[in-house]
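Visitor: Quick one: sequence plus predicted model below, questions after.
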Amino acid sequence: MKLANLRWLALLVLWLGLAWPAWSRIEALEFKNPQVEKDYYTLIDELRCLVCQNQNLKDSNADLAKDLRQQTYQMLQQGKSKQDVVDYMVARYGDFVLYRPPLKNSTLLLWVGPFVLLLLVLVLVLRRIRRNRSVEPPEPENLEQAHHLLADDEQKTT
Amino acid sequence: MRFLLPVIIFVLLAGLLGWGLTRDPKEVPSPLIGKPAPEFTAPTLLDPSKTFSTRDYLGKVWVLNVWASWCVACRAEHEYVTQLANMNLVPVVGLDYKDTAADGRAWLGQLGNPYTVIPTDEKGQIGIDWGVYGVPETFLVDRNGMIAYKHIGPINADSLRDIIVPKIKELLK
């Protein structure tokens, strides 16, 4: 092997070594059936880590996230449903724990806000386009001249 | 109007964002306020053969302060928790959260023990039940066993004087 290739290999090994913490982040778990496994990964994707706030339980390495993952796992293994786990978390940490909060008075702005903004922008843009389109009618003599030119053109081509 | 509209939008937006700056996004309002305090029974730190149970405190106003030896902010808060305990208003229960007994005892040995009793929560299960997500946290429990107030983060001189003590006095009325 050439020296350059060896260098690349060394770099790759080093890089993989650095990435190691990212791999070991999620505990290896054994599930009693594939449905539980599916539910588990859906839940830890949709539940928020309250310490880091902008990460879900799956991505977070915080101690609390680890505990809540464990709690989720245990509840599902005991035969609790996904909704049971969600209710359990919401009872303790509030709607904030959900990345998809329910539609309520307190979360209304969160749900409809973006659409209201979109609508507002659409209305503004449409109004601007319409205003630019309504051009003033041409002066009569200009119009006359244009007709003449067009008529000339037609004679030439025929 | 043409020029006024952007100005109005700017002022509104600046007002909204400015207001946002004064709020602490780390403070997640607890859904447990006004709800029954989750019951637990746990061995105490100083004598593991004894247990503490929330039932012992039914009918009393009490404080649950969640702390840990690894928690830096708890060190800053310790002085004010001590002040609160020395007022002898209510029992101050210190939940030693996700800590080892040896570390917990060493911490108290170093700083002093302000607590009436110290249940331990090595696994963090009691913490989850109480919706704890960042120590230190302090709960006020009323005579009916309901959580009346939750303070997130370290107590300082201001919050002790202006919030915690007045709320306790109100609960004691």
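Guide: Happy to help now that I have it.

Visitor: Near A:T107, how many other residues are there?
Guide: A:T107: 14 surrounding residues under other Cβ atoms under 10 Å in any protein chain shown. No exception for glycine: its C-beta is placed from N, CA and C like everyone else's.

Visitor: Excluding chain neighbours, give the residue nearest to it in space.
Guide: Once flanking residues are discounted, A:T107 sits nearest to A:P101: 4.7 Å by Cβ to Cβ, 6 or more residues apart in numbering or on different chains.

Visitor: how far away is that neighbour from A:L117?
Guide: Using Cβ to Cβ, to the nearest Å, A:P101 is found at 19 Å from A:L117.

Visitor: These two: who's more crowded?
Guide: With neighbours defined as other Cβ under 10 Å, A:P101 and A:L117 compare such that A:P101 has more, 16 against 10.

Visitor: Export the one helix or strand A:V85 maps to to CSV, keeping only CA atoms.
Guide: Using DSSP states H and E, A:V85 sits within helix A:82-93. Extracted in CSV, the C-alpha atoms of helix A:82-93 (Å, rounded to 0.1, in the frame of the first residue of the first chain):
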residue,chain,number,x,y,z
LYS,A,82,-48.2,4.2,23.2
GLN,A,83,-50.9,6.5,24.5
ASP,A,84,-50.4,5.3,28.1
VAL,A,85,-46.7,6.4,27.8
VAL,A,86,-47.6,9.7,26.3
ASP,A,87,-50.2,10.3,29.0
TYR,A,88,-47.7,9.4,31.7
MET,A,89,-45.2,11.9,30.4
VAL,A,90,-47.7,14.7,29.8
ALA,A,91,-49.0,14.2,33.4
ARG,A,92,-45.5,14.9,34.7
TYR,A,93,-43.9,17.3,32.3
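
Visitor: As a check, name the ranges of all helices in chain B.
Guide: Along chain B, counting by DSSP state H, helices occupy B:4-21, B:72-86, B:101-111, B:125-129, B:157-159, B:165-172.

Visitor: and of these, who's closest to chain A?
Guide: When the helices of chain B are compared by Cβ to the nearest Cβ, helix B:125-129 sits nearest chain A, at 6.1 Å.

Visitor: list the buried ones in that closest one?
Guide: B:126-129 (16 or more other Cβ atoms under 10 Å in any protein chain shown).

Visitor: from the residues you listed, which are also near chain A?
Guide: By Cβ under 8 Å from any Cβ of the partner chain, the members of those lying near chain A are B:127-129.

Visitor: closest one to A:L43 among the helices of chain B?
Guide: Taking Cβ to Cβ, helix B:125-129 is the member of the helices of chain B nearest to A:L43, at 14.9 Å.

Visitor: Which residue ranges make up each domain of chain A?
Guide: Chain A breaks down by automatic domain parsing into domains covering A:29-102, A:106-134.

Visitor: can you tell me the distance between the two ends of stretch A:52-63?
Guide: This stretch, stretch A:52-63, spans 10 Å end to end (Cα to Cα, to the nearest Å).

Visitor: Please see if it touches chain B.
Guide: Yes: for stretch A:52-63 and chain B, the contact criterion (Cβ under 8 Å from any Cβ) is met by A:53, A:63.

Visitor: Now that stretch: buried residues?
Guide: A:56-60, A:62.

Visitor: which of the residues you listed lies closest to chain B?
Guide: The closest of the buried residues of stretch A:52-63, once distances to chain B are taken by Cβ to the nearest Cβ, is A:A62, at 9.1 Å.

Visitor: Touching, that closest one and A:N54? I think so.
Guide: No: look at A:A62 against A:N54 with Cβ atoms under 8 Å: they stay out of range, at 11.7 Å.

Visitor: so where is chain A shaky, pLDDT-wise?
Guide: Within chain A, the segments meeting pLDDT under 70 span A:1-2, A:19-26, A:157-158.

Visitor: Tell me the residues on it that lie near chain B, please.
Guide: Chain A has residues A:50-51, A:53, A:63-64, A:67-68, A:71, A:90-96 near chain B, with proximity defined as Cβ under 8 Å from any Cβ.

Visitor: how deep is B:P31 tucked in, by neighbour count?
Guide: A count of neighbours around B:P31, defined by other Cβ under 10 Å, yields 17.

Visitor: That one and chain A, how far apart?
Guide: From B:P31 across to chain A, the span is 4 Å (Cβ to the nearest Cβ, to the nearest Å).

Visitor: most centrally placed residue in the chain?
Guide: Here I'm looking at chain A. Among the residues of chain A, the one closest to the centroid is A:Y99, at 10.8 Å (Cα atoms, centre = their mean).

Visitor: wait, I meant chain B there
Guide: B:T138 (1.2 Å).

Visitor: contacting residues for it?
Guide: Listed by Cβ atoms under 8 Å, 6 or more residues apart in numbering or on different chains, the contact set of B:T138 reads B:63-66, B:150-151, B:155, B:164.

Visitor: wait, what's in contact with B:V93?
Guide: Shown in contact with B:V93 (Cβ under 8 Å, 6+ apart): B:52, B:57, B:62-65, B:115-119.

Visitor: same thing but at 7 Å, please
Guide: B:V93 sits next to B:62-65, B:115-117, B:119 when contact means Cβ atoms under 7 Å, 6 or more residues apart in numbering or on different chains.
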